[in-house]
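K.L.:
Fold the following for me, if possible:
(chains A, B, C and D)
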Number of protein chains: 2
Amino acid sequence: MVYTEKRIEHALRQGGYKITPQRRTIINAIIHSHEHLTPAEIHERVRREHPGIGLVTIYRTLEILAELGLICEMHAGGNCRSYLIRRPSEHHHHLICSDCATVIDFTDCDLGELERRLSKETSFEISGHLLEFVGLCRKCREKTMAG
Amino acid sequence: MVYTEKRIEHALRQGGYKITPQRRTIINAIIHSHEHLTPAEIHERVRREHPGIGLVTIYRTLEILAELGLICEMHAGGNCRSYLIRRPSEHHHHLICSDCATVIDFTDCDLGELERRLSKETSFEISGHLLEFVGLCRKCREKTMAG
DNA sequence: TACTAAATGAAAAAGGTTTTCAGTTAGCAC
DNA sequence: GTGCTAACTGAAAACCTTTTTCATTTAGTA
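P.N.:
Alright, predicted model coming up:
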């Protein structure tokens, strides 16, 4: 299942939040981008359609969307700023192009056995994990070879 | 192999950097902590022994240590600030207690097959990955149950 | 002991994120 | 539709973290 604008609005209403034009625009920007975006990038995009919008509103909306689990944070290799991307609702991970920042989601991480072993060896009760692969996508590889 | 103070100092000298009392103290603080520390936390600890030291010096030293690959960054679940921890020199990952922030390193992540499959399916040339497990260590679980 | 490149600390600058507050608005009751 | 209220917005200010600048000090070497 992929989140649509409608579903996200429904979830907001469910949570007691209001649907404002600003929020609609922000949600749209996130939904229609295939890259992860920083709050500043989202602001920039949203301003094209909604010039007066403040960066504060972006932050506030992102906070709510994250709280409701509708978006998720990213930790791109090296750089530790928080990025955001729309997410399919299942457990998933990211494969990130280090050059153009394209993100591909994948779900089958197969870490169950490793998790069980670690849990046994360390007596940790493991509740989750973060897995990201970084590399170069085909386009960027070709670009590099050509140049 | 685990980095000792001597080895780190050797690596610094190799890199053309000087060994100052401030750097010694910072390196010591990192080596002797089993938790990941923020620059501010390192500053606080280092100041006990070296009151006049500036936060800037921490940042500068951390930058060098990271450049030389002597420390590594962490991305603890949820929180996206950059943390640092001494590291065994091999490829490794972290298992982090979400309560007390204890970190356990592990090296055998076994992601080769997944990496090959992803690479094939997506035409990415994968160069690395980030894997972290989060959970509760035994102590914190017992604490929670008792309380 | 003297020299020089590198390092330090203080202060200022530069980001990014959060808080505050007065004014506006979505969603609901009537 | 009208009015009400809690929620939302934008601007400014406050906060924090990180980086830059610069004058002074120091490690390492000759």
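
K.L.:
In the longest strand along chain A, which residues are buried?
P.N.:
As assigned by DSSP state E, the longest strand anywhere in chain A is strand A:125-136. For strand A:125-136, the neighbour count (16 or more other Cβ atoms under 10 Å in any protein chain shown) marks A:126, A:129-136 as buried. For the C-beta atoms, the positions are set from N, CA and C on the backbone; glycine is no exception.

K.L.:
Number of residues surrounding the nearest residue to A:Pro21 once chain neighbours are set aside?
P.N.:
Nearest residue to A:Pro21 in three dimensions, chain neighbours excluded: A:His50, at 6.8 Å (Cβ to Cβ, 6 or more residues apart in numbering or on different chains). Applying other Cβ atoms under 10 Å in any protein chain shown, we find 15 residues neighbouring A:His50.

K.L.:
Helix or strand next in line after the worst-scoring helix or strand of chain A on mean pLDDT, which one?
P.N.:
Across the helices and strands of chain A, mean confidence by mean pLDDT, DSSP states H and E is lowest for strand A:83-86: a mean of 50. Downstream of strand A:83-86, the first helix or strand assigned by DSSP states H and E is strand A:93-97.

K.L.:
any idea how far that following strand is from the chain center?
P.N.:
11 Å (Cα atoms, centre = their mean, to the nearest Å).

K.L.:
could you dump the following helix or strand past it to PDB, C-alpha only?
P.N.:
Toward the C-terminus, strand A:93-97 is succeeded by strand A:103-106 as the next helix or strand (DSSP H and E). Provided in PDB are the C-alpha atoms of strand A:103-106 (Å, rounded to 0.1, in the frame of the first residue of the first chain):
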ATOM      1  CA  VAL A 103      16.200   6.400  -3.500                       C
ATOM      2  CA  ILE A 104      14.900   2.900  -4.100                       C
ATOM      3  CA  ASP A 105      12.900   1.200  -1.500                       C
ATOM      4  CA  PHE A 106      13.200  -2.500  -0.800                       C
END
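
K.L.:
Quick one: low-confidence residue ranges for chain A.
P.N.:
Residues of chain A meeting the criterion pLDDT under 70: A:1-3, A:34, A:72-91, A:98-101, A:144, A:146-147.

K.L.:
So which bits of it are right by DNA strand C?
P.N.:
Within chain A, the residues that sit near DNA strand C (Cβ under 7 Å from any atom of the strand) are A:13, A:18-21, A:38-40, A:55-56, A:59-60, A:63, A:81-82.

K.L.:
Report the contact partners of the nearest residue to A:Thr107 once chain neighbours are set aside.
P.N.:
Excluding its sequence neighbours, the residue lying closest to A:Thr107 (Cβ to Cβ, 6+ apart) is A:His92, at 4.6 Å. Contact analysis of A:His92 by Cβ atoms under 8 Å, 6 or more residues apart in numbering or on different chains lists A:105-107.

K.L.:
Going through these, which ones are buried?
P.N.:
Judged by 16+ other Cβ under 10 Å, buried ones among these: A:Phe106.

K.L.:
show me which of the contacts of A:His92 neighbour DNA strand D.
P.N.:
Contacts with DNA strand D within the contacts of A:His92, counted by Cβ under 7 Å from any atom of the strand: none were found.

K.L.:
Now for A:Leu68: which residues touch it?
P.N.:
Counted by Cβ under 8 Å, 6+ apart, A:Leu68 has contacts A:11-12, A:15.

K.L.:
top of those by neighbour count?
P.N.:
When neighbours are counted by other Cβ under 10 Å, A:Leu12 leads the contacts of A:Leu68 with 21 neighbours.

K.L.:
Many thanks, I have nothing further to ask.
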